[in-house]
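Trainee: Here is a sequence together with a model predicted from it:
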Amino acid sequence: RKEVEQDPGPFNVPEGATVAFNCTYSNSASQSFFWYRQDCRKEPKLLMSVYSSGNEDGRFTAQLNRASQYISLLIRDSKLSDSATYLCVVKGGGYNKLIFGAGTRLAVHP
Amino acid sequence: EPEVTQTPSHQVTQMGQEVILRCVPISNHLYFYWYRQILGQKVEFLVSFYNNEISEKSEIFDDQFSVERPDGSNFTLKIRSTKLEDSAMYFCASREGRAVEQYFGPGTRLTVT
């Protein structure tokens, strides 16, 4: 089983749509969770950390379900500029090695 | 806003040659990392570095790889004898002492011919 699994997509949505991405992780001892965004051939950029209580940042909402080992990201009112690959990332123990999922591609069209 | 910087942005080298990739982490950060991403694949952890020593490394980080913090600002990754399969984007990342979030540099694209 992969350490972090995501649906690769692509998700093709019109502007203004709401889209949700899911992710599962295999190591129940994982401590911290993140969503990063990666544009083509660029570096991963931190979108948001994911807390047990859930958190929201503008149009973006992240949820964590530790019992099911499941993380989600909801994007409301999609913009063209949201087109990117969204990486589900889990921190293991120790010195904070990050474990990346393969990413979910989002394409927002006019 | 402070950023991680990396040089060069693109490096082409011949198989068997040594390369050094350079990174300047964010100035008050204490933990430093190297990751790589082969084209079309996921980002993979290589090594973490804290207090002037390696704190964790992956199976990828074999004897051909080494890291160094030669001065107060630079953090380098050296590949002693490059192989074709070392062709990838190499990302440097850093984080503050108490935070868990890591911030990535723009990467160095390494092409081994």
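Mentor: Good, I have the coordinates.
Trainee: Do a quick rundown of the strands in chain B.
Mentor: Ranges of strands in chain B, per DSSP state E, are B:5-7, B:10-13, B:19-24, B:31-37, B:43-50, B:53-57, B:65-68, B:75-79, B:88-95, B:103-104, B:108-112.
Trainee: no wait, chain A
Mentor: A:4-6, A:11-14, A:19-25, A:32-38, A:45-50, A:55-57, A:60-65, A:70-75, A:84-91, A:98-100, A:104-109.
Trainee: Quick one: these as TSV, columns for mean pLDDT too.
Mentor: Listed next are the strands of chain A as TSV, based on pLDDT from 0 to 100:
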stretch	mean pLDDT
strand A:4-6	96
strand A:11-14	97
strand A:19-25	96
strand A:32-38	96
strand A:45-50	95
strand A:55-57	94
strand A:60-65	96
strand A:70-75	96
strand A:84-91	97
strand A:98-100	95
strand A:104-109	98
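Trainee: Distance to B:Y103 and mean neighbour count added to these, as JSON lines?
Mentor: All C-beta spots, glycine's among them, are computed from the backbone N, C-alpha and C. Shown next, in JSON lines, are the strands of chain A (distance: least, Cβ to Cβ, whole Å; neighbours: other Cβ atoms under 10 Å in any protein chain shown):
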{"stretch": "strand A:4-6", "distance to B:Y103": "20", "mean neighbour count": "21"}
{"stretch": "strand A:11-14", "distance to B:Y103": "26", "mean neighbour count": "14"}
{"stretch": "strand A:19-25", "distance to B:Y103": "21", "mean neighbour count": "19"}
{"stretch": "strand A:32-38", "distance to B:Y103": "10", "mean neighbour count": "21"}
{"stretch": "strand A:45-50", "distance to B:Y103": "7", "mean neighbour count": "18"}
{"stretch": "strand A:55-57", "distance to B:Y103": "17", "mean neighbour count": "12"}
{"stretch": "strand A:60-65", "distance to B:Y103": "18", "mean neighbour count": "18"}
{"stretch": "strand A:70-75", "distance to B:Y103": "19", "mean neighbour count": "19"}
{"stretch": "strand A:84-91", "distance to B:Y103": "13", "mean neighbour count": "23"}
{"stretch": "strand A:98-100", "distance to B:Y103": "11", "mean neighbour count": "23"}
{"stretch": "strand A:104-109", "distance to B:Y103": "22", "mean neighbour count": "18"}
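Trainee: Present those strands as CSV; the columns should include distance to B:W34.
Mentor: Shown next, in CSV, are those (distance: least, Cβ to Cβ, whole Å):
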stretch, distance to B:W34
strand A:4-6, 19
strand A:11-14, 31
strand A:19-25, 22
strand A:32-38, 16
strand A:45-50, 17
strand A:55-57, 28
strand A:60-65, 27
strand A:70-75, 25
strand A:84-91, 16
strand A:98-100, 12
strand A:104-109, 25
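Trainee: Distance to chain B added to these, as a markdown table?
Mentor: Converted to a markdown table, those look like this (distance: least, Cβ to the nearest Cβ, whole Å):
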| stretch | distance to chain B |
| --- | --- |
| strand A:4-6 | 8 |
| strand A:11-14 | 18 |
| strand A:19-25 | 12 |
| strand A:32-38 | 5 |
| strand A:45-50 | 6 |
| strand A:55-57 | 13 |
| strand A:60-65 | 13 |
| strand A:70-75 | 15 |
| strand A:84-91 | 6 |
| strand A:98-100 | 4 |
| strand A:104-109 | 12 |
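Trainee: That concludes my questions; thank you for your assistance.
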